[in-house]
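1. A predicted structure for the sequence below; I have some questions about it.
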Amino acid sequence: MHYIFEPGFFSSGPVHVALAVGTVIAITSAVVGVFTVIRGQSFAGHSLADIATTGGSGAFLVGVNQFWGFLAFGTGAAAFMEMTGVQRRRGRDVATGVVLGAALGLAALFLYLATQSSSTTGASFTILFGSIFVITTSTIPALIVSALLALATVVVLARVLLLSSLSPDIAAARGVPVRAVGTAFLMALAISVALSAVVIGAVLSTALLIGPAATALRLARSPVKAVFTAAAAGVLAVWIGIVLAYDSYYWPPAGRGWPVSFFVVTLTVGGYLLTGLRRREPQNRRPAAQDDHDPEHACSPA
Amino acid sequence: MADDLLRLENVSVRLGGREILKDVSFSIRPGEFTGLIGPNGAGKTTLLRVILGLQPVTSGEVLLDGAPRPHRDSSIGYVPQKLAIEPDMPLRVRDVVSLGLDGQKFGLRLPSRARRERVSDMLTAVGAQRYADARVGELSGGEQQRVMIAHALISRPRLLLLDEPLANLDISSEQGIVSVLARLARAEHVAVLLSAHDMNPLMPVMDRIVYAAAGRVAVGDTDRVVQPEVLSRLYGRHVDVIRVHGRILVVAAPEGVDEAEVAAEDAGAIR
């Protein structure tokens, strides 16, 4: 047993916090992620992550917990995207690319200034690539409340989001406030990005958001199954990631420990690639959906 | 008329300085099968969007049961021309039909046996029960149309609008969709307004025709509307109506040709 769980794993305070908070965040990110992929907003999620990086760095520079920086800049950017309608318009990718480049440039400046003044060299790494073992206990309630808020938003909007994804026109004709629903969802997405940033870092946060969801969409046929599969995949990646990261203190170079984000992202991508292998199976079982099936009109030429 | 289900009165729509619909008036009675026929760009989709309340009118009125159309209305079902979904979207055919019952509502609902049976019955009625568990994004165009018809009909609307449901279908799927629609419209007493650029597949089932061209419409029985004089006046240029092998072909002269002839025909045209 101790080959898997190195001594002290179950008695370590930071590990308990990491497992508990990591689980809540993994579930939230995975569930929000499923709807993000369904709505085709993965790129919006990535943009929010880049801008959240700036927020986290800025927060660190002025001495505030970086979660608040992730959250403030993420939701601010989401509100801006909604107001300008930037993600609804095509052909804006160049402008978006420039803005995101600027955001990361700003993040570089903030981190440089912060590490110059406080000489904590680990800070840049923490913001960019995560720090689930060093979560400040005072932020835990905020993390949990934010996660529940994002999760509740998506649960309340679930059916409406599905109908809008099927056809925005049908949803609008049936009285769904499509625009307001989109705004609410984007806010939930921004919160999830900020939460994932705490676990695996701002730069990688979309991996926890999109990875488990993308895997689930390959396996599950119904929305309910997709949500549960994604949540399970996300939680599993975070748990195994934490165990391996803890173990890695005993790996070479001894006494350093490998980053959790590396393990979480690798597991997530691994899961996605593995499910890709068995994907063709159901398609082969189902005959090509053309004209061979309609007994009523089997004799009519196409 | 008092018994009109839907009534458009002098509806005009102007978008970006262009007149898409000009003074359109017609009505639909309960249970009636109406074809909205016309070439591309005639304003058919805009007309359907006006009826759905998705497109505000510049002038005129849309009346449902003689009163202005309410903002939120479940008595109109809608089948859009295209679905915005990818093959990997985790929505089975039965999920889509179930969304037709209450997809506009907030919160979660618990699964129930009654609902499952109602969805199954609806799928059987449109002939889609065989692929009930397939992802809707993996289906062919004709199969998706059947599913969306089930989605629209399951909430028991009194009017069903379909935007070009026969576009890009092979002939057998086309006939399948038309016969399903005609059968259900009669059985459930649903009025159908279906847009198409080709009227021929609809000839056996159409009660009335709304012929649209250049933003205006001519309304009535097919025989009276599909006449060279009526259509020439509508298009504003010479139009021939050719009947061959039981099919009707509408052929418009190139723009600018024969305008004098149209004017001459106009003088003698019956309405």
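-> Arrived safely. Because the structure is predicted, anything quoted here is derived from the model rather than measured.

2. is the residue nearest the centre of chain B in a helix, a strand, or coil?
-> What sits nearest the mean C-alpha location of chain B, by C-alpha atoms, centre = their mean, is B:Leu194, with 2.2 Å. For B:Leu194, the assignment made with DSSP: H, G, I helix; E, B strand; the rest coil gives strand.

3. now do the one 4 residues further on
-> Put simply, B:Asp198 is coil when judged by three-state DSSP.

4. what about it, how many residues close to it?
-> Residues near B:Asp198, counting by other C-beta atoms under 10 Å in any protein chain shown, number 16. C-beta here means a position set from N, CA and C on the backbone, and glycine is covered the same way.

5. can you tell me how far the residue in the stretch 1-150 of chain A positioned nearest to chain B is from A:Thr275?
-> Proximity to chain B, evaluated over the stretch 1-150 of chain A using C-beta to the nearest C-beta, is greatest for A:Ile38 at 5.8 Å. Taking C-beta to C-beta, to the nearest Å as the criterion, A:Ile38 is separated from A:Thr275 by 17 Å.

6. over to the most centrally placed residue in chain A. Which of the three states is it?
-> Most central in chain A under C-alpha atoms, centre = their mean is A:Leu209, positioned 1.8 Å from the mean C-alpha point. Following three-state DSSP, we place A:Leu209 in the helix state.

7. ok, it - contacts?
-> A:29-30, A:32-33, A:36, A:45, A:189, A:192-193, A:196 (C-beta atoms under 8 Å, 6 or more residues apart in numbering or on different chains).

8. can you redo those residues as a markdown table with neighbour count?
-> Converted to a markdown table, the contacts of A:Leu209 look like this (neighbours: other C-beta atoms under 10 Å in any protein chain shown):
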| residue | neighbour count |
| --- | --- |
| A:Ser29 | 36 |
| A:Ala30 | 31 |
| A:Val32 | 29 |
| A:Gly33 | 34 |
| A:Thr36 | 27 |
| A:Gly45 | 25 |
| A:Leu189 | 28 |
| A:Ser192 | 31 |
| A:Val193 | 34 |
| A:Ser196 | 33 |
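
9. higher neighbour count, A:Ile38 and A:Thr275?
-> A:Ile38 (23 against 17).

10. what is the burial count for B:Tyr223?
-> Heads up, residue B:223 is Asp, not Tyr. 8.

11. er, B:Gly38 actually
-> B:Gly38, neighbours per other C-beta under 10 Å, totals 28.

12. please identify the helix or strand for the nearest residue to it once chain neighbours are set aside.
-> Excluding the flanking residues, the one nearest B:Gly38 by C-beta to C-beta, 6 or more residues apart in numbering or on different chains is B:Ala212, at 3.5 Å. Counting by DSSP states H and E, the element that carries B:Ala212 is strand B:208-213.

13. run through the neighbouring helices and strands of that strand.
-> strand B:33-37, strand B:216-220, helix B:222-225, helix B:228-235 (3 or more C-beta pairs under 8 Å, 6 or more residues apart in numbering or on different chains; DSSP states H and E).

14. contacts for it?
-> B:26, B:32-39, B:42-44, B:47, B:193, B:199, B:217-222, B:225-226, B:230-231, B:234-235.

15. try stretch B:48-60
-> So stretch B:48-60 is contacted by A:169, A:172-173, B:6, B:8-14, B:21, B:23-25, B:36, B:46, B:62, B:69, B:71, B:73, B:76, B:78, B:161, B:163, B:193, B:195 (C-beta under 8 Å, 6+ apart).

16. how about low-confidence regions in the stretch 51-200 of chain B?
-> Within the stretch 51-200 of chain B, the stretches with pLDDT under 70 are B:72.

17. where exactly do the helices run in the chain?
-> Chain wasn't specified; assuming chain A. All helices of chain A, identified by DSSP state H, fall at A:13-38, A:42-61, A:66-84, A:93-118, A:122-129, A:140-166, A:168-173, A:178-200, A:205-219, A:223-247, A:260-277, A:280-285.

18. that was the other one, I meant chain B.
-> B:44-52, B:93-102, B:113-125, B:141-153, B:171-188, B:222-225, B:228-235, B:259-268.

19. redo those as TSV? Include distance to A:Ala49.
-> Listed next are those as TSV, based on distance: least, C-beta to C-beta, whole Å:
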stretch	distance to A:Ala49
helix B:44-52	37
helix B:93-102	30
helix B:113-125	39
helix B:141-153	34
helix B:171-188	44
helix B:222-225	58
helix B:228-235	55
helix B:259-268	62
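
20. A:Gly201: which of those helices is closest?
-> helix B:93-102 (35.5 Å; C-beta to C-beta).

21. what residues does the stretch 1-150 of chain A put near chain B?
-> A:34, A:38, A:40 (C-beta under 8 Å from any C-beta of the partner chain).

22. just checking, the first one touches A:Ala226?
-> By that I understand A:Val34. Yes - with contact defined as C-beta atoms under 8 Å, A:Val34 counts as touching A:Ala226 (5.2 Å).
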